[in-house]
Every structure is written in C-alpha cells, then in structure tokens.
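J.: Below are the sequence and a predicted model for it; my questions follow.
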Amino acid sequence: MKADVEPRPVADSAAAMAPGEVLLALDNVSLSFGGVRALRDVSFDIRKSEIRAIIGPNGAGKTSMLNVINGFYHPQEGVITFKGKRRSDMRPYLAASQGIARTFQNVALFKGMSTLDNIMAGRSLKMRRGFVWQLFRHGPAMLEEVRHRRRAEDIIDFLQIAHIRKIPVGQLPYGLQKRVELGRALAMEPELLLLDEPMAGMNLEEKEDMSRFILEVNREYGTTIALIEHDMGVVMDISDRVVVLDYGRKIADGSPEAIKTDQTVIDAYLGVAH
Amino acid sequence: MDLLYQIFVNPFAQMAAAPDLLVQTLWEGLVSGVLYALIALGFVLIFKASGVFNFAQGIMVVFAALTLVGLHQKGVPAFVALFLTILVMLALAYAVERLVLKPLVNQPDIILFMATFGLTYFLIGLGQLMFGGEPKVMIANELYLPKGSFDIKMLGGFVALQKIDIAAAVIASIMVATLAIFFQRTRIGRALRAVADSHKAALSVGISLEQIWVVVWFTAGIVALATGIMWGARSQVEFSLQIIALKALPVLILGGFTSIPGAIVGGIIIGVGEKLGEFYWGPLIGSGIESWLAYVIALVFLLFRPQGLFGDRIIERI
C-alpha cells in the first residue's frame, strides 16, 4: 500500500488521463443548513462521456452534492457551470429540461402508476402537444403518444423489465423498482445522469445487472454518468474517475487505482488512530 | 315484531305495489347522485394532484354560478358571460397557485387544508362584494337548458323525467368520461398523477408543479361551474348551496378519494340510497333522514373498505 500519495498530485494525474471536455464544473461550492455545513468549498468537474463516482462515508455530503447539481438545493457560495454556461437559481425542472436526469437514494417512483407509465412520465419534457389536442386524444397528440410509447418500449426491452410493464411499481420488489427508476431517467435521454446509490440493497446478481446497464448506457449512448455508491468493488470496476468527500470537504480526486491507495481516503473510511 | 315488519317487509311490499313510484324515486336518486358525483369530482381532481382536501370546492361552485348570473344581470349576454366566467375561474386558479400554494409548498397537508378554509371565506366575501348576497335565479333559458319534463306512462302509472335532470346527467357523464381518459392516457394526465405520487420525482423528470397546479385548479373550477349551473337551475343560486359540498364527503369515502369512477359510483349510491331511505324508511322515524343517511352509509363502508370502492390500495412495505 502506497501511503505516500498526496491528494493533490492524484487529481492532476487523473486530469491528464481522462479525455473529453468538461460538462459540469463546481467551483468552491458551499452549502449549509443553519449550523450544519453540508458542503465546504468543494470543487470538482465531470467530463463528457465519463463515469464519475462520488464516494465517502455516511453524511459526507454526497447526496447534497447531487441535489445541488440538479437544483433541489441552492448553494450559498460557489459557481456551477453546466455546458459552459454559468447557472444561477437552478430549479429541478429546469435542470431536467437542460438534460440532467437522476435517481434517488430511496427510490422515488410514482407508486400508483405502472412501469410503463412511470417510464412515459420520464418523457414528459419531450412531449409538447397542447392541452386541447390531448384532451381529445386525437391528431398530432395521438401520433406523438405512439412515437414516445415506442421509445419507452425500447428502454423496457433494454432493461429487461417487459414482464412487469403493466404492474403498479409500488408492488414490485426493491431491485426492480431501482431498475424502473433508472428506466425513467433514461427515458429523458439525458446528457448527464445522476445515480444516487443505484445498487444499494441489491444482491450480487442484481448488482452485476445494474453495473452492466450503467456501462452499456455510458458506452452506447455516450451518456455522462455521476454516481454515488458504497460498494467499493463496483466503484473501482466501472468508474473512470472518483471524487472522495468527507465531512463536506473534498479529500481526494483521481483514478480508481490512485484512490484505492490514497492514505487520506483510507483514514477517512477506517478512522485514524490517535 | 311489528317494528321488524315495518323495517324489513313493509317498504318492499310498497315498492312491489307501486312500481312506478319506485322508478320515480330511483330516477330522482340517480339525478341527485350524478350531481353529488360532479361535486366529488372537483374534490378528487385536486386531491389526486396535490393531496389537498379542498374545502373551498363548495364555495367555488357558488362563486362560479354567481359570477355567471351576476354578469348576466349586469347586461352581459348569456354566452359571453359563460365565457367570462371560465376566464374568471382560470384567473382564480392562477391566483390560488401564486398566492396560496406556492408560498406553502412543502408544508404539511393540514396547513394546505387550512389554507383552503381561508380561501372559502375570501370567496364568500368577494362574491357578496361583487354580486350581492341575495339568492339569484339561474339563467337556464338564456343558456338553452331544456325545461319541462317527459311524462312516461309505465308500470301502471306515470314517471316524470325532468329534462333539466336528463341534461345534467348527460353533461356529467361527458365530463367524467373526458376527465377519465385525460387522466389515464395523456402526458398532462400522467404528469398530474405523477405529481400526486411524488413531488420530488415529478420535479426530477421535468414536470413543473406550478403548471400542474394551475391545470388542476382550473379543471376543478370548470367542474364547479358545471355543477353550479345544474344545481342553480334546479333550485337557486345562493350561498347556502355551498353546504352541498359536505355531501361530497360521504361520496368520497364511498368511492375512494383518488378515483374518478369512484366519485361517480359513490355519488349514485349515495343519491339513490338517500331517496329510497327517505321515501320508504323515512316515515318510520318521522322523515328528515335524507340529511344524515349519507354519512351513515359512509360510516358503514369505512368499517369494511377503508380505501373506498375504487381507491388506491394502500401498499406498505415493512
């Protein structure tokens, strides 16, 4: 184990290795709730077409980070740049319309609706026919519905969930719910896909399936993916670059190999003897 | 023994003896049931999309009808007044979204519920200020609503079907069918259901809560207007009409708070049950049971099927 690797050099070498331009950059972002400082002066970037993992112990600020990126939280300080544009006052539905999709740590599906309807809901932004047409379900609105239905079916096939198309998702086991949630995010055809613990609570087989889906989405469609995950094996296998948070601070940033051997990271996870 | 006879045998003997009266009673029950269903529909729409029980639905019925009649009294032609009233309901939907819902977003449901109380008193005040508090006659003729009745000879007697009631039933059925399809099969309908299920997930797929709320409140406003016209045409447009909204409660309990077909079936069961109860069993305890029978039916239902006839089954993973 190489205990002498410092966080800073790791970041530099990683930057040199990863190809692609910067899709999203956070500069000196700080977020606090009253006295709780969830993020302190965090800077990192996500490059086009990479799989970027965000790891860290519980309460490190990982989910806060995703919430800042897709506009659920508004940081008090710092600058966020997405596709070269500085963002101000982001709202979740605006983030969605700019191409950011996400899944949630504790699955947030439309429980009363079927798998198919959940995935179709993901296409809301792509469907634009007016209220009146829809009311009569006729003409252009009907054509549009059919066209989007086909895309939804493609996603269902891809995720191998055809057998549960018509079942209300509230009745599905957890692993399948996570898959449906991924499907809904994919239906948005996002440029940046944020996955909050996509494999939490899954067994080995389900984890392998999910890893495969994530890799395929990344390779086939070139979708940029940022994911939070606790399973280090998975993180090291599928991600291109890893950023490590602890107590709201960034403590390391670099390739999986470098992170694995980073002393600060090891200390953060295992604790340091005093 | 005599009491049991009065309860379990005599009413049915009466029904068999005068089937024309039975048909008449059933018809009247059906019609008031359809109108209850319309009111319940207004509640269901808003409850589905925002999880809020809108106490103001009753006053919205009165307010819409009052605006229509009031505008006509001020010399606006009937159909122009109808159009203007629709615009007023749209403006109301926007105002509610801006001034009531948006500032209270993420608050517990009970806070939103209380806010609809506030809205109720605001609308009572506004309605009286603009159009006065005295009862008004619905402009049924000007809107070409039919009047009179069909008298049908059947079962050895006459059954009178009021044309306005038939019109009410037809209009209600069309509205219900349209809304059901709209909810089930279109993007906005899906978005409405999505918002009802999870706010944050809806936001994450790019559904704008503001837009959805305006759509639902406007739709509820239109339903209120239709209800107001029909009830107004059968009696009068007055503020006391808002208490019929309370009749929607047993209908909702029966049908399930989230189901459009449930609102219809529930409305009809309550309407028919009320009329039959009043006519055949009412005399036993000196009449007047129409006003509370609905709640009793609803209570009995709660014992056996708390989610209502068509309500979403409550699935809880433990």
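T.: That came through, no problem.

J.: What does the pLDDT read for B:L119?
T.: Looking at B:L119, its pLDDT stands at 93.

J.: Pretty sure A:K207 sits against A:A200.
T.: No. Between A:K207 and A:A200 there is no contact under C-beta atoms under 8 Å: 9.7 Å. Any C-beta I mention is one placed from the backbone N, CA and C, and that applies to glycine too.

J.: And the two? Which one has more around it.
T.: Neighbours were counted for A:K207 and for A:A200 using other C-beta atoms under 10 Å in any protein chain shown; A:K207 has more, 19 against 16.

J.: How about the helix or strand containing the more buried one, which residues are buried there?
T.: Using DSSP states H and E, the element containing A:K207 is helix A:204-221. Neighbour counts over helix A:204-221 (16 or more other C-beta atoms under 10 Å in any protein chain shown) mark A:206-207, A:209-211, A:213-214, A:217-218 as buried.

J.: and what of stretch A:99-107?
T.: Buried residues in stretch A:99-107, counting neighbours by 16+ other C-beta under 10 Å, are found at A:99-104, A:107.

J.: In JSON lines, list those residues along with secondary structure, pLDDT and distance to chain B.
T.: Listed next are those as JSON lines, based on DSSP: H, G, I helix; E, B strand; the rest coil; pLDDT from 0 to 100; distance: C-beta to the nearest C-beta, whole Å:
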{"residue": "A:G99", "secondary structure": "coil", "pLDDT": "88", "distance to chain B": "10"}
{"residue": "A:I100", "secondary structure": "strand", "pLDDT": "91", "distance to chain B": "9"}
{"residue": "A:A101", "secondary structure": "strand", "pLDDT": "91", "distance to chain B": "7"}
{"residue": "A:R102", "secondary structure": "strand", "pLDDT": "90", "distance to chain B": "5"}
{"residue": "A:T103", "secondary structure": "coil", "pLDDT": "91", "distance to chain B": "8"}
{"residue": "A:F104", "secondary structure": "coil", "pLDDT": "89", "distance to chain B": "7"}
{"residue": "A:V107", "secondary structure": "coil", "pLDDT": "85", "distance to chain B": "9"}
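
J.: Relative to B:M154, which of these is nearest.
T.: B:M154 lies nearest to A:V107 out of those, by C-beta to C-beta, at 58.1 Å.

J.: So that closest one sits against A:E181, correct?
T.: Yes. With contact defined as C-beta under 8 Å, A:V107 counts as touching A:E181 (5.4 Å).

J.: sorry, back to before: contacts made by the helix holding A:K207 with the rest, please.
T.: A:49, A:51, A:158-160, A:175, A:178-179, A:182, A:186, A:189, A:193, A:195, A:198-199, A:202, A:223-225, A:227, A:231, A:234, A:237-238 (C-beta atoms under 8 Å, 6 or more residues apart in numbering or on different chains).

J.: Do you know the pLDDT at residue 214?
T.: No chain was given, so I picked chain A. A:I214 is given a pLDDT of 93.

J.: Switch to chain B, please.
T.: Looking at B:V214, the pLDDT reads 89.

J.: what's the spacing between it and chain A?
T.: For B:V214, the distance to chain A equals 11 Å [C-beta to the nearest C-beta, to the nearest Å].

J.: Just want the most central residue of chain B.
T.: What sits nearest the mean C-alpha location of chain B, by C-alpha atoms, centre = their mean, is B:I39, with 0.9 Å.

J.: what residues are up against the residue nearest to it when sequence neighbours are not counted?
T.: Among residues not flanking B:I39 along the chain, B:A248 sits closest, at 4.4 Å (C-beta to C-beta, 6 or more residues apart in numbering or on different chains). Residues near B:A248 by C-beta under 8 Å, 6+ apart: B:36, B:39-40, B:42-43, B:57-58.

J.: please redo it, this time with the cut-off set to 10 Å
T.: B:36-44, B:57-58, B:61, B:227, B:255, B:263, B:266-267, B:270, B:294 (C-beta atoms under 10 Å, 6 or more residues apart in numbering or on different chains).

J.: ok, now A:E197?
T.: A:62-63, A:103-107, A:178, A:227-231.

J.: so can I have a markdown table of those showing secondary structure and distance to A:L24?
T.: As requested, those are exported to a markdown table (DSSP: H, G, I helix; E, B strand; the rest coil; distance: C-beta to C-beta, whole Å):
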| residue | secondary structure | distance to A:L24 |
| --- | --- | --- |
| A:K62 | helix | 15 |
| A:T63 | helix | 17 |
| A:T103 | coil | 17 |
| A:F104 | coil | 19 |
| A:Q105 | coil | 20 |
| A:N106 | coil | 24 |
| A:V107 | coil | 24 |
| A:K178 | helix | 24 |
| A:L227 | strand | 14 |
| A:I228 | strand | 15 |
| A:E229 | coil | 19 |
| A:H230 | coil | 23 |
| A:D231 | coil | 24 |
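
J.: before we move on, back to that, now the residue nearest to the centre of chain B: which helix or strand?
T.: helix B:19-50.

J.: one step back: now do the shared contacts for A:V107 and A:E181.
T.: Shared contacts of A:V107 and A:E181 (C-beta under 10 Å, 6+ apart): A:169, A:196, B:201.

J.: give the contact list for the closest residue to chain B within the stretch 51-200 of chain A.
T.: Per C-beta to the nearest C-beta, A:A96 is where the stretch 51-200 of chain A lies closest to chain B, at 3.0 Å. Going by C-beta under 10 Å, 6+ apart, A:A96 touches A:70-71, A:102, A:122, A:124-125, A:185, A:188, A:190, B:202-208.

J.: please redo it, this time with the cut-off set to 6 Å
T.: Residues near A:A96 by C-beta atoms under 6 Å, 6 or more residues apart in numbering or on different chains: B:205-206.

J.: Nearest residue to the residue in chain B that chain A sits nearest to in space, ignoring adjacent ones along the chain?
T.: Closest approach between chain B and chain A, counting by C-beta to the nearest C-beta: B:G206, at 3.0 Å. Nearest non-adjacent residue to B:G206, counting by C-beta to C-beta, 6+ apart: A:A96, 3.0 Å away.

J.: For the helix or strand hosting that neighbour, which residues meet the burial criterion?
T.: Using DSSP H and E, A:A96 sits in helix A:92-97. Buried residues in helix A:92-97, defined by neighbour count with 16+ other C-beta under 10 Å: A:92-96.

J.: what's the offset of it from the middle of its chain?
T.: Centroid separation for helix A:92-97 versus its chain: 14 Å, with C-alpha atoms, centre = their mean, to the nearest Å.

J.: Let me see the mean pLDDT of it.
T.: Helix A:92-97 shows a mean pLDDT of 84.

J.: then it to PDB, C-alphas only?
T.: Below are the C-alpha coordinates for helix A:92-97, written out as PDB (Å, rounded to 0.1, in the frame of the first residue of the first chain):
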ATOM      1  CA  PRO A  92     -35.200  20.900 -10.700                       C
ATOM      2  CA  TYR A  93     -37.500  21.000 -13.600                       C
ATOM      3  CA  LEU A  94     -35.200  23.400 -15.400                       C
ATOM      4  CA  ALA A  95     -32.300  21.100 -14.800                       C
ATOM      5  CA  ALA A  96     -34.400  18.300 -16.300                       C
ATOM      6  CA  SER A  97     -35.100  20.400 -19.400                       C
END
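
J.: circling back: state the pLDDT value of the residue nearest to the centre of chain B.
T.: Per-residue pLDDT puts B:I39 at 84.

J.: ditto for A:R129
T.: 54.

J.: what residues does the stretch 1-150 of chain A put near chain B?
T.: Within the stretch 1-150 of chain A, the positions lying close to chain B (C-beta under 6 Å from any C-beta of the partner chain) are A:92-93, A:96-97, A:102, A:108, A:110-113, A:117, A:120-122, A:124-125, A:127, A:134-135, A:137.

J.: Which residue ranges make up the domains of chain A?
T.: A:1-99+A:190-274, A:111-188 (automatic domain parsing).
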